[in-house]
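Undergrad: just a sequence and a predicted model for now, questions to come.
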Amino acid sequence: MERLVNIQNLMKVYGHHKSEQVAVLKDVSFSFAQGEIIGLIGASGAGKSTIGKILAGLEQPTNGHIDFDGTNLTALPSKERRKFAKHIAMIFQDPYESLSPRMTIEELVEEPLIIQRIEKNKEKRRDMVKEALRVVSLDPEKYMSRYPHELSGGERQRIGVARAFVCKPKLIIADEPTSMLDTSLRLELIQLLKSMNEQYGISYVFVTHDIALTKGFCDRIIVLHEGEIVDIGPTDDVIHAPTHPFTKSLIDALLLLEGAQP
Amino acid sequence: MRKSTKIIGAVGVGMFAVVLLFALFGPMVIPYDAYKQVGGSFLPPSAQHWLGTNDMGQDILAELAVGARTSLFIGMMTAILATLIGGFIGVLAGYIGGRFETFVMRVIDIVLTLPFLPLMIVVAVYIGPGVFTQIFVITLVLWAGKARQIRAQTLSIKSAGPVLAAKTMGASDFYIFRRHIIPGVFPLFIPQFVGSVNAAILMESSLSFLGMGDPTMKSWGSILYYANSRSGFLTDAWAWWIIPPGVCIVLVVLAFSFIGYYLEEKVNPRLGAYTVAPKRPKQHITTNEALVAHHIALRVENLTVQYPKNNAYTSVVSDVNFSVKEGEVLGIVGESGSGKSTVAAAIIQQLRGKAHVPTGSIYFEGQDVKQFSDEELRQLRGQQIGYIAQAAMNALNPVLSVERQLKEAIVAHAHVSKKEIDARIDEVLMQVGLEPKWRYAFSHELSGGMRQRVIIAMALINKPKFVIADEPTTGLDVIVQVEIIQLLRKLQQDMNLSMIFISHDLPAVLSITDRLIIMKYGHIVDFGPSRELAKTSTHPYTRRLIDAIPLLHPKKEQSYGATR
């Protein structure tokens, strides 16, 4: 498989003055291939979301470089960097907050196409929006002219997925996309992401604190603890034979919950 | 929106319309030229001169109508200018940030601290009286406040979801500014404008009254100026010379205050949600002896809760029945909108203002909670029932130490010595697994799990026998979730608490509860002993919830068909 992303020695420090500097990421390196699904696991503050934000272009790393499909993203001027957004999309945690209440569903899903100047023709853009909505199993005729507040949380998150998909990206960063959803909808969303991976070969960086969600979905998982990778490997291997104490405690905690079940 | 607010808004618009019509058509209808002598001086009101005449024999009604044009023009003009200039600077400062923002904010601070009246006088004297001076000076004073507020709004939009999303799509700064910031901020310009018309009209009147207005133009302020300087107060003429322009000014200022009041509630609908709960007098409380005899700590009977929606009532909780025995843990599971939190709020009689409860009785230790007086309810909440509210851990007071907040919870219910309070705080902190040294900490110094422990400590500090925990594990990491559940379980067993545990997180609920209620759209759709329910329930909704739990080590492939 072709290598899609290669992250080398990624570092992120917040705070200007030395005394108040906090290193959120300390020397993180990993790579993955086109079509691979990577789970980033960790407690809050572990730095998992920061990696996602850096990949999506929301944050600049303090140090290190990211190689995307043969291009060093960190060396690009911001104007050039922005063009890569058509290859790297993001799905946000909060389906209520991340969709502008003033825009219709059509405008929301269309926005990446306009920003990236992918299609000038309004009718063709509309067709692409319709296709994206069909991919996430929402009827375009029914949804295009509606506003986010008329939709349920699960539907909104699907809009978020359609918006991420509309440019046909190679990689989607999904930052805790299920955490605001009800339990019964979580699995549906994961299944949707999985089917998009199988059909279009889209890679995911799936950021979550719930290791159980990665089972059967992620090919490999990376466990982060205090800004460092403490465990990395195929999902089942890490779950069955965790090497680091933090990973162990994470899995023990889940098993304890599972133990209570029939 | 409250009806009273709409009425206030309508009255404001009506008052302004009257003044506006007077300004537009008054000078055409009134048969006198405001600038010419049309009668004797100091004529009292009569059929010819409704408001009499002034010392020069000019018709005061005509003066008022002409003055209305000047006053309204300067008021509106400066309000528009101040809002546009302030808004523009505020948006730029908020969006660009960095040094530019710091610089602008310091300038704003300086402008805001300048005493406005002396400043206006100095500037006005320097550039000479006139309409331009008035507009210039008033705008100079007014823009800073607008800039500050618009900047705050820009900052919040800048870090909001839609803007972040656009950034991940590779949007340029200009695009974000045009497509997200401006449409987000612009609606706020209108209330800002309405708010500043008030101030502008008052300032215009003050300036004119001080003689800084255009001497060749009449305005309400200048009528007052002449009335004052030509001894209007010494004769009977003040009644028709001074009161009418004063009334006009008050009318416009009030009109815009009313409109502003209406707009503020429209922009921020939460303002209207507040309603005062009716007083609950002390009355005899009937005790249901059967419940006491069967050790039923809580009984909820036929509870229906409705909220008004589009002139009708919709039920968010429908005909819910359940009991909690002493020492039992009952789980209420449901997805968002299932009514589970509303049930909890109904138990402690703390439903949101507009709730309507057509049927339902709640018996706490056999007593009908509906009959509780305000004071008895206060004792129920926090004293007899410990309530761990949803997301409470994010609502700790940031400026009070843990100790202070725990102390508040005690003092609200009992008069105890300082020593006892201290001892109790140490004790309860130990119980929730926090070392006593954390009593001095502030909420920002604590992790999410520790804050949740403080909230649990608060709920337990008055030694209640009953605890309601609403989503106590939501928003916590898995490891911390497990710790909190284990803690609650241990506390429940040690103190033999009766408990209601509300959550949408089925694994968490299954691991702590004895019995389970599944709610959907306000109805109880399934119930039974927790483990049995999870294992054998055939209700499709329950099955769907249980099958959706991701498992690390599924006992079988994740399909539960065989267990049926």
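TA: Sure, I can see it. Numbering: from 1, shown residues only, chains lettered A, B, ... in the order given.
Undergrad: tell me the residues on the stretch 351-500 of chain B that lie near chain A, please.
TA: B:448, B:477, B:478, B:479, B:480, B:481, B:482, B:485, B:486 (C-beta under 8 Å from any C-beta of the partner chain). Where you see a C-beta, it was placed from the backbone N, CA and C, and this is true even at glycine.
Undergrad: which of those lies closest to residue B:279?
TA: Residue B:279 lies nearest to residue B:448 out of these, by C-beta to C-beta, at 39.0 Å.
Undergrad: which ones are touching that closest one?
TA: Taking C-beta atoms under 8 Å, 6 or more residues apart in numbering or on different chains as the criterion, residue B:448 is in contact with A:44, B:393, B:475, B:476, B:477, B:480.
Undergrad: same deal with residue B:296?
TA: Shown in contact with residue B:296 (C-beta under 8 Å, 6+ apart): B:323, B:324, B:325, B:326, B:363, B:366.
Undergrad: let's see it at 7 Å
TA: Going by C-beta atoms under 7 Å, 6 or more residues apart in numbering or on different chains, residue B:296 touches B:323, B:325.
Undergrad: that one bridge partners, please.
TA: On the basis of DSSP bridges, residue B:296 is bridged to residue B:325.
Undergrad: kindly reformat the contacts of residue B:448 as TSV containing distance to residue B:260, neighbour count and secondary structure.
TA: Formatted as TSV, those follow (distance: C-beta to C-beta, whole Å; neighbours: other C-beta atoms under 10 Å in any protein chain shown; DSSP: H, G, I helix; E, B strand; the rest coil):
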residue	distance to residue B:260	neighbour count	secondary structure
A:44	42	14	coil
B:393	37	24	helix
B:475	37	16	coil
B:476	42	23	coil
B:477	45	21	coil
B:480	46	21	helix
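Undergrad: for the residue in chain A that chain B sits nearest to, what are its contacts?
TA: Across chain A, no residue is closer to chain B than residue A:85, which sits at 2.9 Å (C-beta to the nearest C-beta). Residues counted as contacts of residue A:85 (C-beta under 7 Å, 6+ apart) are A:57, A:116, B:168, B:169, B:170.
Undergrad: and if you look at residue A:190?
TA: By C-beta under 7 Å, 6+ apart, the contact set of residue A:190 is A:178, A:213, A:217.
Undergrad: quick one: the strands in chain B?
TA: For chain B, applying DSSP state E gives strands covering B:296-309, B:312-325, B:329-334, B:356-364, B:367-368, B:385-388, B:466-470, B:498-503, B:515-520, B:523-529.
Undergrad: what's next to stretch B:7-22, contact-wise?
TA: Residues contacting stretch B:7-22 (C-beta under 7 Å, 6+ apart): B:65, B:68, B:248, B:251, B:252, B:254, B:255, B:256, B:258, B:259, B:261, B:262.
Undergrad: alpha carbons of that stretch, in CSV - could you do that?
TA: C-alpha atoms of stretch B:7-22 as CSV (Å, rounded to 0.1, in the frame of the first residue of the first chain):
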residue,chain,number,x,y,z
ILE,B,7,-46.5,44.7,24.3
ILE,B,8,-43.6,46.8,25.6
GLY,B,9,-42.0,46.6,22.1
ALA,B,10,-45.2,47.6,20.4
VAL,B,11,-45.7,50.5,22.7
GLY,B,12,-42.2,51.7,22.0
VAL,B,13,-42.7,51.5,18.2
GLY,B,14,-46.1,53.3,18.6
MET,B,15,-44.5,56.1,20.7
PHE,B,16,-41.7,56.5,18.2
ALA,B,17,-44.2,56.5,15.3
VAL,B,18,-46.1,59.3,16.9
VAL,B,19,-43.0,61.5,17.3
LEU,B,20,-41.8,60.6,13.8
LEU,B,21,-45.2,61.6,12.2
PHE,B,22,-45.1,64.8,14.2
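Undergrad: and it, how far from the chain's centre?
TA: 27 Å (C-alpha atoms, centre = their mean, to the nearest Å).
Undergrad: report the mean per-residue pLDDT for that stretch.
TA: Over the span of stretch B:7-22, the pLDDT mean works out to 93.
Undergrad: what pLDDT does residue B:61 get?
TA: Reported pLDDT for residue B:61: 89.
Undergrad: interface residues of chain B facing chain A?
TA: Near chain A, the residues belonging to chain B are B:160-162, B:164-172, B:175, B:180, B:183, B:335-336, B:448, B:477-479, B:482, B:504-508, B:510-511, B:531, B:534-535, B:544-545, B:548-553 when assessed by C-beta under 7 Å from any C-beta of the partner chain.
Undergrad: for stretch B:334-347, which positions count as buried?
TA: Buried residues in stretch B:334-347, counting neighbours by 16 or more other C-beta atoms under 10 Å in any protein chain shown, are found at B:334-335, B:337-347.
Undergrad: scratch that, stretch A:40-48
TA: By neighbour count on 16+ other C-beta under 10 Å, the buried set for stretch A:40-48 is A:40, A:41, A:42, A:43, A:45, A:46, A:47, A:48.
Undergrad: just the residues contacting it, thanks.
TA: Contact with stretch A:40-48 is made by A:24-25, A:51-52, A:205-209, A:211, A:214, A:221-227, B:448, B:477, B:479, as judged by C-beta under 7 Å, 6+ apart.
Undergrad: try it again with 6 Å
TA: A:24, A:25, A:207, A:211, A:221, A:222, A:223, A:224, A:225, A:227, B:477 (C-beta atoms under 6 Å, 6 or more residues apart in numbering or on different chains).
Undergrad: and that stretch, how far apart are its ends?
TA: This stretch, stretch A:40-48, spans 6 Å end to end (C-alpha to C-alpha, to the nearest Å).
Undergrad: next: stretch A:139-151.
TA: Start-to-end span of stretch A:139-151 (C-alpha to C-alpha) is 13 Å.
Undergrad: pull out the buried positions in the lengthiest helix in chain B.
TA: The longest helix of chain B (DSSP state H) is helix B:60-96. Going by neighbour count (16+ other C-beta under 10 Å), the buried part of helix B:60-96 is B:60-75, B:77-87, B:89-95.
Undergrad: quick one: that helix to chain centroid distance?
TA: Relative to its chain's centre, helix B:60-96 lies at 29 Å (C-alpha atoms, centre = their mean).
Undergrad: over to stretch A:87-98?
TA: 8 Å.
Undergrad: same check, this time on stretch B:470-479
TA: Its chain's average C-alpha position is 26 Å from that of stretch B:470-479, according to C-alpha atoms, centre = their mean.
Undergrad: what do you get for stretch B:505-513?
TA: 34 Å.
Undergrad: buried residues of that stretch, list them for me.
TA: Neighbour-count burial for stretch B:505-513, counted by 16+ other C-beta under 10 Å, picks out B:505, B:506, B:507, B:508, B:509, B:510, B:511, B:512, B:513.
Undergrad: residue B:456: which of those residues is nearest?
TA: Within these, the smallest distance to residue B:456 is 13.2 Å, found for residue B:512 (C-beta to C-beta).
Undergrad: quick one: contacts for the closest one?
TA: Residues near residue B:512 by C-beta under 6 Å, 6+ apart: B:329, B:485, B:489, B:501.
Undergrad: biggest separation within these, which pair?
TA: Between any two of the contacts of residue B:512 (C-beta to C-beta), the greatest distance is 10.9 Å, for B:329 and B:485.
Undergrad: may I ask which two of the contacts of residue A:85 are separated the most?
TA: Using C-beta to C-beta, the two most remote members of the contacts of residue A:85 are A:57 and A:116, lying 12.5 Å apart.
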